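Chemist: output the structure for:
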Amino acid sequence: MAIQWFPGHMHLTRQAIAARIKSIDVVIELLDARLPGSSSNPLLGELAGHRPTLKVLNKQDLADPERTQAWLAWYGAQPDTRAIALDASDRAPARRLIEACRQLAPSRRGMARPMRVLIVGVPNVGKSTLINTLSRKSQARTGDEAGVTKQEQRIVLDDDFYLWDTPGMLWPRIIVPESGVRLAASGAVGRNAYDEQEVALDLLAYLKFNYPKELAARYQLAQEATELQALHDDELLEHIARRRGAVMAGGRLDWQKAAEIVLTDFRGAAIGRITLETPPEYEQWLAAGRAKDAEREARRKAQREERKGSR
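Modeler: You can find the predicted model right below:
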C-alpha cells in the first residue's frame with residue numbers, strides 16, 4: 001500500500017528550513033520511538049549537511065524498551081550524531097536536550113555566541129509538547145492530529161539558547177511502503193491520505209508475529225501464539241470487531257469501527273509498549289525501496305531519451 005501526504009504548507013516548511021538552517025548550530029530531529037527509522041526525514045540530511053544532529057526518540061514510554069536501546073545504539077554509531085530517548089511530557093529528562101546540544105557544539109556559549117538550534121520532526125511526533133515542557137510555558141500549540149503547527153516559531157530556552165520550531169514535515173515521496181503504513185498508524189499522516197482498514201490490517205499482520213501475547217491479552221483472544229499467527233489478518237480483525245462490539249444492525253460487522261479501535265489502541269499504548277521496526281528490518285526495507293526507486297528513475301530516463309530520439 002503506497003501512502004503519500006505532502007500538503008502545500010509542507011513545501012513552504014521545506015523552504016523555511018533550507019533558509020533557516022544556514023545559521024543553525026545543532027539540529028534536533030524528533031523521532032517517534034515506535035518507528036524510529038520510518039519517522040526520520042530523509043530530506044533532513046540534505047538540508048542539514050554536516051551539522052551536528054541530535055536524534056531524540058520521543059514517546060519512549062509507548063515503545064518497546066529493548067528495541068529503543070537498539071535504535072539508540074544504531075543512531076549513536078552514525079557520524080556527527082547523538083541519540084537520546086525521552087517522554088516529552090516529563091520535565092526532567094527533557095532538560096537533557098539543552099546539555100546534549102551544548103556537547104555537540106561546545107563553542108556556542110554566552111551572549112556573544114548563543115546556541116542556535118532547529119527542531120524538526122514529522123507531524124504529530126510531539127514537538128509542541130516537548131517545547132512547552134522545555135520552556136515551562138505553553139508557547140506552542142499541541143494536538144493529537146497531524147499538522148497542528150503551521151508556521152516557524154522562535155523560542156528562548158536560556159539567555160544564550162535559542163530554539164526554532166518548525167511545522168511537522170514529511171517528504172514529497174515515501175519510497176518505503178512499510179514506512180508509509182507505520183507513519184499512518186502513528187497518526188503522522190492526514191486521515192484523508194490512507195485507508196484505515198488497510199493500515200489496521202497491516203498493523204495486525206506485524207503485531208501477531210512480533211507481539212502476539214500483547215495482542216491476545218488486549219482483545220481476549222484465546223489462541224496460542226502459533227494459532228494467532230495462522231489466522232488471516234481479516235479473521236483477526238473480525239475477532240476484534242466481535243469482542244469490542246463493532247457490530248451494526250442485523251449483525252453486520254462494522255469494519256471501519258474495528259479498524260479505528262485497533263489504531264486508537266496502538267496510538268495510546270493500550271495494546272502494550274510496541275515498536276514497529278528494528279534497525280535490521282528498516283535497513284532491509286530502505287534498501288529495497290531505494291532499489292525500486294532507482295529502477296523507476298531508470299525507466300523514466302529511458303522514456304525521456306526515447307521521446308527525444310523520436311523527435
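
Chemist: nearest residue to the spatially most central residue of the chain other than its sequence neighbours?
Modeler: Centroid-nearest residue in the chain: Ser39, 2.9 Å away (criterion: Cα atoms, centre = their mean). The shortest distance from Ser39 to any non-neighbouring residue, by Cβ to Cβ, 6 or more residues apart in numbering, is to Asp32 (4.2 Å). In this view, the C-beta of every residue, glycine as well, is placed from N, C-alpha and C.

Chemist: show me the beta-bridge partners of that neighbour.
Modeler: Asn58 (DSSP bridges).

Chemist: do you know the pLDDT at it?
Modeler: pLDDT recorded at Asp32 is 97.

Chemist: how many residues are close by it?
Modeler: For Asp32, the number of neighbouring residues by other Cβ atoms under 10 Å comes to 27.

Chemist: which helix or strand contains the residue nearest to the centre of the chain?
Modeler: For Ser39, there is no host helix or strand (DSSP states H and E).

Chemist: quick one, phi/psi of it?
Modeler: The phi/psi pair for Ser39 (degrees, to the nearest 10) reads phi -90, psi 10.

Chemist: for it, list the residues it contacts.
Modeler: By Cβ atoms under 8 Å, 6 or more residues apart in numbering, Ser39 lies in contact with Leu31, Asp32, Gly121, Val122, Val125, Arg182, Leu183, Ser186, Ala188.

Chemist: go on, Ile17?
Modeler: Shown in contact with Ile17 (Cβ under 8 Å, 6+ apart): Leu47, Leu118, Val120, Thr166, Met169.

Chemist: just to be sure, it is in a helix?
Modeler: Yes - under DSSP: H, G, I helix; E, B strand; the rest coil, Ile17 sits within a helix.

Chemist: any idea how far it lies from Ile28?
Modeler: Using Cβ to Cβ, to the nearest Å, one gets 12 Å for the distance from Ile17 to Ile28.

Chemist: between the two, what contacts are shared?
Modeler: Contacts common to Ile17 and Ile28, judged by Cβ under 8 Å, 6+ apart, are Leu118, Val120.

Chemist: the contacts of Ser39 in helices, which ones?
Modeler: Using DSSP state H, the subset of the contacts of Ser39 located in helices is Arg182, Leu183, Ser186.

Chemist: closest to Gln303 out of those?
Modeler: Among these, Leu183 lies closest to Gln303 (Cβ to Cβ), at 30.0 Å.

Chemist: pLDDT value on the closest residue to the closest one other than its chain neighbours, please?
Modeler: Closest residue to Leu183 apart from its sequence neighbours, by Cβ to Cβ, 6+ apart: Val189 at 5.1 Å. Looking at Val189, its pLDDT reads 89.

Chemist: how about Val189, phi and psi?
Modeler: Main-chain dihedrals, Val189, degrees, to the nearest 10: phi -110, psi 140.

Chemist: okay but it is in contact with Ser179, surely?
Modeler: No - if you go by Cβ atoms under 8 Å, Val189 and Ser179 don't touch, sitting 10.4 Å apart.

Chemist: ok, back up a step: distance of the residue nearest to the centre of the chain relative to Gly289?
Modeler: For Ser39, the distance to Gly289 equals 15 Å [Cβ to Cβ].

Chemist: got it, and Ala298?
Modeler: As judged by Cβ to Cβ, Ala298 and Gly289 stand 15 Å apart.

Chemist: residue ranges in the stretch 1-150 of the chain under the pLDDT threshold?
Modeler: Applying pLDDT under 70 to the stretch 1-150 of the chain picks out residues 1-2, 4-11, 88-89, 91, 136-150.

Chemist: can you map out the strands along it?
Modeler: 26-32, 53-58, 81-86, 115-121 (DSSP state E, counting those that start in this stretch).

Chemist: centre of the chain to the first one, how far?
Modeler: Strand 26-32 sits 11 Å away from the centroid of its parent chain (Cα atoms, centre = their mean, to the nearest Å).

Chemist: tell me the average confidence for the strand or helix carrying Ala294?
Modeler: If you go by DSSP H and E, Ala294 is part of helix 279-309. For helix 279-309, mean pLDDT is 88.

Chemist: buried stuff in it?
Modeler: Neighbour-count burial for helix 279-309, counted by 16 or more other Cβ atoms under 10 Å, picks out Pro279, Tyr282, Trp285, Leu286, Gly289.

Chemist: any chance of the residues you listed in JSON lines, plus distance to Leu104?
Modeler: JSON lines is the format used below for these (distance: Cβ to Cβ, whole Å):
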{"residue": "Pro279", "distance to Leu104": "22"}
{"residue": "Tyr282", "distance to Leu104": "24"}
{"residue": "Trp285", "distance to Leu104": "29"}
{"residue": "Leu286", "distance to Leu104": "25"}
{"residue": "Gly289", "distance to Leu104": "29"}
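
Chemist: biggest separation within the residues you listed, which pair?
Modeler: Within the buried residues of helix 279-309, two members stand farthest from each other by Cβ to Cβ: Pro279 and Gly289, at 15.4 Å.
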